[in-house]
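Student: Sequence and predicted model, in that order:
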Amino acid sequence: MMQPEQKVDPRILRTRKLILDAFMTIAKTKDFASISIKDITDAATVNRATFYAHFADKYELLDAVLTDTFFKNMHEHLNCHDRLNEDTVANVFLAITRFQKELSVQWKKSYESFRPIIENKIKKDLEGLFYLLLTNQNLAVEKEKLKIWSVLLSWEIYGACTDWQQNSTLPAEKYIKTAMPYILQGMAVLV
């Protein structure tokens with residue numbers, strides 16, 4: 001028997017938002033490593049117990065911020081895609097490059113500190129997204145091969161985004177267009 005969906009108390013949602021907003025504000029001026037729970041609770045005007053009722057630590061808070069900002073936005077932009085194809089790959093690439101650029105500008109002090117966390121989260125989320133898209137395509141391919149391809153593609157796309165951000169002078173749209181034949185070669189193996 002399915003349980004009816006429970007409503008979340010609006011006060012809990014408001015408190016969570018206060019904590020998320022406080023963290024995002026602090027991250028603009030302070031390096032992630034030096035942000036303390038006290039900094040966050042003071043800015044959010046909540047006590048430590050309230051913070052820990054919502055998050056285990058600042059890493060879990062960062063994870064929530066990334067999920068609430070980037071991943072919801074990316075999934076909304078990709079909802080129109082039910083297949084993994086050139087358009088999907090280009091849209092994923094452009095969404096990641098926009099996100100990285102926004103973070104590096106907004107959170108100058110913290111961005112380098114939590115870049116490895118962002119990288120791991122993006123690659124893991126992309127892996128799940130690509131696997132879902134590939135399995136929805138009903139390809140006559142073993143699930144294990146689809147998983148492997150999903151991992152490789154997520155790393156490939158993230159690597160291309162990082163290379164574009166750090167080394168390229170091309171606009172993001174032109175960069176992905178240039179990289180697409182190499183990405184499509186790997187996709188052609190599956191079909």
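Tutor: Received it, and whenever you're ready, just let me know what you need.

Student: residue boundaries of the helices in the protein?
Tutor: Taking DSSP state H to define them, one finds helices in the chain at 10-27, 37-44, 48-54, 58-66, 72-78, 86-106, 108-136, 143-167, 172-190.

Student: helices and strands of the chain: which one bottoms out on pLDDT?
Tutor: Taking all helices and strands of the chain together, the one with the lowest average confidence (mean pLDDT, DSSP states H and E) is helix 72-78, at a mean of 68.

Student: what residues are up against Gln100?
Tutor: Residues near Gln100 by CB atoms under 8 Å, 6 or more residues apart in numbering: 118, 161-162, 165. Backbone N, C-alpha and C define where each C-beta goes, glycine included.

Student: List just the nearest of those residues to Asp87.
Tutor: For these, the residue nearest Asp87 by CB to CB is Cys161; the value is 16.9 Å.

Student: my read: the closest one touches Ile96, true?
Tutor: Yes. Under the criterion of CB atoms under 8 Å, Cys161 makes contact with Ile96 at 4.5 Å.

Student: ok, now which ones touch the residue nearest to Lys147 when sequence neighbours are not counted?
Tutor: The spatially closest residue to Lys147, leaving aside those adjacent along the chain, is Tyr131, at 6.0 Å (CB to CB, 6 or more residues apart in numbering). Taking CB under 8 Å, 6+ apart as the contact definition, Tyr131 lies against 146-147, 150.

Student: still on that earlier bit, most neighbours, which of the contacts of Gln100?
Tutor: Cys161 (25 neighbours; other CB atoms under 10 Å).

Student: Distance of that one relative to Thr67?
Tutor: Separation of Cys161 from Thr67 (CB to CB, to the nearest Å) stands at 18 Å.

Student: For the closest residue to Ile122 other than its chain neighbours, list the residues it contacts.
Tutor: The shortest distance from Ile122 to any non-neighbouring residue, by CB to CB, 6+ apart, is to Tyr158 (5.7 Å). With contact set as CB under 8 Å, 6+ apart, Tyr158 has these partners: 96, 119, 122-123, 126.

Student: Repeat that for Leu66.
Tutor: Residues near Leu66 by CB under 8 Å, 6+ apart: 117-118, 121.

Student: Show the contacting residues for Thr15.
Tutor: Contacts of Thr15 by CB under 8 Å, 6+ apart are 44, 46, 50, 54.

Student: hmm, try it at 6 Å
Tutor: Thr15 is in contact with no residue at all, counting by CB atoms under 6 Å, 6 or more residues apart in numbering.

Student: what do you get for Val92?
Tutor: Applying CB under 6 Å, 6+ apart, one finds that Val92 lies in contact with Ile157.

Student: confidence score at it?
Tutor: For Val92, the model assigns a pLDDT of 90.

Student: can you check Ile183 too?
Tutor: Model confidence at Ile183 (pLDDT) stands at 85.

Student: Distance-wise, check the closest residue to it other than its chain neighbours relative to Ile96.
Tutor: Taking CB to CB, 6+ apart as the measure, Ile183 lies nearest to Val89, with 5.8 Å between them; neighbours along the chain are not counted. Using CB to CB, we find Val89 at a distance of 11 Å from Ile96.
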